[in-house]
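Peer 1: Please find the sequence and the predicted model below.
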Amino acid sequence: MSSIITRVCDAIVAVIGSIFSEEDKGKGLKYPTTHPLTQADLVGWYTIGTILSYSAFLLIVGDKYHMPPIKFYVIWIALYLLFWGSMYVEYIPVAFNKWNSGIDEFSRTINGKESRKRYPIKKWRPPRIEQHTNEFHYPKGVAIRVFLLVTTSIIFSCWFTLYSGGPFQSAYSQVIIAYPLFATNVARNPKSLLAVYFGAIFWMVMFETIKHYYVVGHTTQSFWWYIIVSVIVIAMSGLIAAANRKYEREEIENSPREESMHLS
């Protein structure tokens, strides 16, 4: 069973690209580069935190009028499983082996048998921050999935605003503005940064147009909701920034002394 899962996952990775970096053959200084998986995690958790926190506040006060329908959450989760989940395909065989090992150990303990000698399971996750030259590029399949995840996050945040005034009036629009702002902490390629900035503007305009022509009756919220969303955005942005700084410190501590000298 394990070998079948491994072969299936390997076949998928051969098509969509591996998240593990190839050798960096570029010349010159190497700079800290946030790994695409780390970028996906930061964006994913920010979006989950903001959408679920805001939804929870609306439910607590009984304001379902400003909440999107169930299909919003279903489609959002499905797309996240596709784009974000695909970044973890290479972890599936490792997780399966860990599960089998745990079940076997539990069974032997219950039956009073001695534990088998455990062999270390290979380390799966690549470094959260790597050292690369400016000439290095991650596989296109990996970069595209991160881009699609970011785009999906912006689109669904814009969609959420349709039920409370639209991207330019809703209290929730603060969540959208934060995407380009914290992207500067994780994106290295100037083109990627520009894509996030222009993408946010483009989708805000698109959903404002949709609101103008097709959405009627969903008014803006009271002053207090702007404060609530501000607190949510500040809290989530702070957590993202703290996580990123932690990863940077770990990278510097684990890198050779001579490589980290020019980064200080």
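Peer 2: That came through fine. Numbers count the residues shown, from 1 in each chain.
Peer 1: Give me the contacts around whatever helix or strand residue 9 lives in.
Peer 2: Assigned by DSSP states H and E, residue 9 belongs to helix 2-16. Identification of contacts with helix 2-16 by CB atoms under 8 Å, 6 or more residues apart in numbering yields 86, 89-90, 92-93, 96-97, 100, 141-142, 145. In this view, the C-beta of every residue, glycine as well, is placed from N, C-alpha and C.
Peer 1: Are any of the residues you listed buried, and if so which?
Peer 2: 86, 89-90, 92-93, 97, 142, 145 (16 or more other CB atoms under 10 Å).
Peer 1: would JSON lines of those with distance to residue 46 be doable?
Peer 2: Putting these into JSON lines (distance: CB to CB, whole Å) gives the following:
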{"residue": "86", "distance to residue 46": "19"}
{"residue": "89", "distance to residue 46": "22"}
{"residue": "90", "distance to residue 46": "23"}
{"residue": "92", "distance to residue 46": "25"}
{"residue": "93", "distance to residue 46": "29"}
{"residue": "97", "distance to residue 46": "31"}
{"residue": "142", "distance to residue 46": "19"}
{"residue": "145", "distance to residue 46": "17"}
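Peer 1: What ranges does this structure have for its helices?
Peer 2: Counting by DSSP state H, the chain has these helices, from start to end: 2-16, 36-60, 70-83, 92-110, 140-161, 173-183, 190-214, 223-254, 257-260.
Peer 1: buried residues in the fifth one?
Peer 2: Buried residues in helix 140-161, defined by neighbour count with 16+ other CB under 10 Å: 142-143, 145-161.
Peer 1: Repeat that for the longest one.
Peer 2: Within helix 223-254, the residues that qualify as buried are 225-226, 228-229, 232-233, 236-237, 240, 243-244, 247-248, 251, counting by 16+ other CB under 10 Å.
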